[in-house]
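K.L.:
quick check, what structure comes out for this input:
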Amino acid sequence: MSFRFKQFSIEDDRCAMKVGTDGVLLGAWINVNGAKRILDIGTGSGLIALMLAQRSASEVNIDAVEIGTEDASQAQENISNSPWPEKIKIHSRAIQDFNPEYKYDLVVSNPPYFVNSLTPPSSKRKAARHTSSLSYEELLMSAKRLLSDNGRLAVILPVKEGNTFVSLAQFQGLYCNHQLAFFSRDEKPQERWLFEFCRTPSSLKAEHLTLFSGSGWSNAYKTLVFDFYLDLL
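P.N.:
Here you go, the predicted structure:
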């Protein structure tokens with residue numbers, strides 16, 4: 001199935017994780033201001049990398065790392081068919097083995113998040129959804145190693161896992177300076193955390209966003225994703 005956005009399309013039939021709200025939400029929310037080099041860890045279909053390519057200046061360089069061979073291949077196809085084939089480079093390898101000669105102003109990830117749950121039968125889907133392929137500690141150590149002195153890390157996680165991640169990040173010397181609490185509906189429990197971390201503690205900017213209002217998307221969510229989704233009213 002092809003997902004058509006305003007400026008690009010995504011094919012994800014060979015990818016372990018499909019296009020979903022988490023990726024779109026993170027790609028639209030991330031602060032790209034001042035970022036000249038961006039790293040997307042676990043790019044999957046290339047969705048977030050393409051969203052950041054659309055949102056950033058023409059001279060920005062984006063590296064997208066993906067451990068899954070099929071995912072990386074399809075991400076490359078999606079990028080080659082996009083308006084930014086020269087702006088994004090796919091690296092088919094584990095982030096633990098990724099050693100570029102430069103640092104990044106922004107590192108982003110929609111990471112595996114199931115820690116102690118039953119694993120799915122598909123090894124591809126297991127790698128995409130479970131931390132056995134990339135633990136939180138490994139993600140944080142990789143981000144710290146690859147971030148510039150003033151660089152930032154942005155992630156999206158379920159609530160319980162997100163609370164754990166904040167504590168682990170602080171232990172690694174990465175401090176949350178911006179967070180978004182995400183709800184599907186106001187009357188339901190919070191479903192996701194979106195976090196931005198930096199190397200220096202600072203005052204926390206805290207926000208919240210609700211996906212649905214009444215029978216459709218909330219105005220706040222439509223405003224956030226307006227540049228990407230077709231036929232938004």
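K.L.:
going forward, measure contacts and count neighbours with C-alpha atoms only.
P.N.:
OK.
K.L.:
got the contact list for the helix or strand containing residue 73?
P.N.:
If you go by DSSP states H and E, residue 73 is part of helix 69-80. Contacts to helix 69-80, defined as CA atoms under 8 Å, 6 or more residues apart in numbering, come from residues 9-12, 14-16, 43-46, 50, 65-66, 85, 88-92.
K.L.:
quick check: buried residues in it?
P.N.:
Buried positions in helix 69-80, judged by neighbour count with 16 or more other CA atoms under 10 Å: 69, 70, 71, 72, 73, 74, 75, 76, 77, 78, 79.
K.L.:
now distance to residue 220 too, for those, in JSON lines please.
P.N.:
As requested, the buried residues of helix 69-80 are exported to JSON lines (distance: CA to CA, whole Å):
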{"residue": "69", "distance to residue 220": "37"}
{"residue": "70", "distance to residue 220": "35"}
{"residue": "71", "distance to residue 220": "32"}
{"residue": "72", "distance to residue 220": "33"}
{"residue": "73", "distance to residue 220": "35"}
{"residue": "74", "distance to residue 220": "32"}
{"residue": "75", "distance to residue 220": "29"}
{"residue": "76", "distance to residue 220": "32"}
{"residue": "77", "distance to residue 220": "32"}
{"residue": "78", "distance to residue 220": "28"}
{"residue": "79", "distance to residue 220": "29"}
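K.L.:
filter the contacts of helix 69-80 to the buried ones?
P.N.:
Buried subset of the contacts of helix 69-80 (neighbour count, 16+ other CA under 10 Å): 9-12, 14-16, 43-46, 50, 65-66, 88-92.
K.L.:
looking at this, residue 89 is in a strand?
P.N.:
Yes. According to DSSP: H, G, I helix; E, B strand; the rest coil, residue 89 belongs to a strand.
K.L.:
that one reaches residue 63, doesn't it?
P.N.:
Yes. With contact defined as CA atoms under 8 Å, residue 89 reaches residue 63; the gap is 5.0 Å.
K.L.:
helices and strands of the protein: which one bottoms out on pLDDT?
P.N.:
In the chain, no helix or strand scores lower on mean pLDDT, DSSP states H and E than helix 123-129, which sits at a mean of 45.
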